[in-house]
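Colleague: only geometry, no sequence info:
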């Protein structure tokens, strides 16, 4: 079982409901599980926001549930000055297919299934500085379910996986490296980034959560000569981000081809080495 909820990342209520539901169910997929049933979690300012708007949010979530094959069976609403929405979800998993934060192995190559930069772009949207291309790309990314990516990860023999959400790539990777008792090398030039996200980050559209992510993982991090803006993008707080999982070298080509055929923006971004939780950034993995 997992639960997650978010504040609005975009003005359209239906789209927010879809994004929030897609984000919430991602934790289920990151464990190699299948979602079965959910309940809505709602914080709503009923004095300022009409119930018709909430109905649109709930409809967005229902559309995602139908696509993903699970049922939303009611929920709970509380008064909240700032609207929030998400789901608590129950899933099931075959124990032999269970994906864990602690399951990454030495010599695993790391595959990321979505581009980074959602946090920067949604911040730019709020600041009215985003581009149309960046906004459209971020919304499309947030609406993409991780179900196919998880299925492909299991087929590849992966044992370690995490979804990249609020703690950013570096935050989630830092936890996985510690729990798996390995070091990580990331080839920064191979990390996929959403259109215009780097320029928007350079313009100052860095969410506070991303900055905190970088502080949290700082003791584990060797940035080498990587530019600050790129380090911040690796720490960018994602909403409904992709999966990061490890595969043995001989499985990489087949796995990557499957993901690309399924229209994922997937890339091999680094590898796990022997160690105790350090993350080293470079322009070229050895």
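Modeller: Yep, that arrived. From a predicted model like this one, the values you see are computed outputs, not experimental measurements.
Colleague: can you point me to the longest strand in this protein?
Modeller: When every strand of the chain is counted residue by residue (DSSP state E), the longest turns out to be strand 34-44.
Colleague: and stretch 81-99, average pLDDT?
Modeller: For stretch 81-99, the mean per-residue pLDDT is 97.
Colleague: so how far is that stretch off the chain centroid?
Modeller: Distance of stretch 81-99 from its chain centroid, counting by C-alpha atoms, centre = their mean, to the nearest Å, is 13 Å.
Colleague: what does stretch 164-174 give?
Modeller: From the chain centre to the centre of stretch 164-174 is a distance of 8 Å (C-alpha atoms, centre = their mean).
Colleague: And for stretch 8-17?
Modeller: Offset of stretch 8-17 from its chain centre (C-alpha atoms, centre = their mean): 17 Å.
Colleague: again with stretch 57-75
Modeller: 20 Å.
Colleague: Which positions in the longest strand of the chain come out as buried?
Modeller: By neighbour count with 16 or more other C-beta atoms under 10 Å, strand 34-44 contains the buried residues 34-35, 38-44. Any C-beta I mention is one placed from the backbone N, CA and C, and that applies to glycine too.
Colleague: likewise stretch 261-279?
Modeller: For stretch 261-279, by 16+ other C-beta under 10 Å, it's 264-273, 275, 277-279.
Colleague: Any idea how far stretch 99-115 is from the middle of the chain?
Modeller: 13 Å.
Colleague: Just the buried residues of it, please?
Modeller: By 16+ other C-beta under 10 Å, the buried positions in stretch 99-115 come out as 99-101, 103-104, 108-115.
Colleague: Which of those fall in strands?
Modeller: Reading strands off the buried residues of stretch 99-115 with DSSP E, I get 109-112.
Colleague: Out of those residues, which is nearest to residue 55?
Modeller: The nearest member of these to residue 55, counting by C-beta to C-beta, is residue 112 at 35.6 Å.
Colleague: who are the neighbours in contact with that closest one?
Modeller: 164, 169, 191-192, 242-244, 266-267, 269 (C-beta atoms under 8 Å, 6 or more residues apart in numbering).
Colleague: go with 7 Å
Modeller: Listed by C-beta atoms under 7 Å, 6 or more residues apart in numbering, the contact set of residue 112 reads 191-192, 242, 244, 266-267, 269.
Colleague: now do residue 115
Modeller: Going by C-beta under 7 Å, 6+ apart, the list of residues near residue 115 reads 141, 192-194, 265.
Colleague: And the residues you listed, which two are furthest apart?
Modeller: Pairwise distances across those (C-beta to C-beta) peak at 11.1 Å, for the pair 141 and 193.
Colleague: And residue 54, how far from residue 182?
Modeller: From residue 54 over to residue 182 the distance is 45 Å, taken as C-beta to C-beta, to the nearest Å.
Colleague: Which helix or strand contains residue 25?
Modeller: helix 13-30 (DSSP states H and E).
Colleague: Point out the other elements, helices or strands, that that helix touches.
Modeller: strand 2-6, helix 51-68, strand 84-92, helix 132-142, helix 147-155, strand 161-163 (3 or more C-beta pairs under 7 Å, 6 or more residues apart in numbering; DSSP states H and E).
Colleague: Chain neighbours aside, what residue packs nearest to residue 32?
Modeller: Using C-beta to C-beta, 6 or more residues apart in numbering and skipping residues adjacent in sequence, the residue nearest residue 32 is residue 99, 4.0 Å away.
Colleague: thinking that neighbour is in contact with residue 161, fair?
Modeller: Yes - Residue 99 lies in contact with residue 161 (C-beta atoms under 7 Å); the separation is 3.8 Å.
Colleague: Find residues that contact each of the two.
Modeller: Shared contacts of residue 99 and residue 161, defined by C-beta under 7 Å, 6+ apart, are found at 30, 153, 245.
Colleague: Next, the residue nearest to the second one when sequence neighbours are not counted: secondary structure please.
Modeller: Yep, that's residue 153 we're talking about. Distance criterion C-beta to C-beta, 6+ apart; nearest residue to residue 153, sequence neighbours excluded, is residue 245 at 4.4 Å. Using DSSP: H, G, I helix; E, B strand; the rest coil, the structure places residue 245 in strand.
Colleague: what about residue 245, neighbour count?
Modeller: Residue 245: 30 surrounding residues under other C-beta atoms under 10 Å.
Colleague: before we move on, the earlier item: with pLDDT, distance to residue 14 and secondary structure as extra columns, can I get the contacts of residue 115 in a markdown table?
Modeller: Shown next, in a markdown table, are the contacts of residue 115 (pLDDT from 0 to 100; distance: C-beta to C-beta, whole Å; DSSP: H, G, I helix; E, B strand; the rest coil):
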| residue | pLDDT | distance to residue 14 | secondary structure |
| --- | --- | --- | --- |
| 141 | 98 | 17 | helix |
| 192 | 98 | 27 | coil |
| 193 | 98 | 27 | strand |
| 194 | 98 | 22 | coil |
| 265 | 94 | 24 | coil |
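Colleague: I appreciate the help and will end here.
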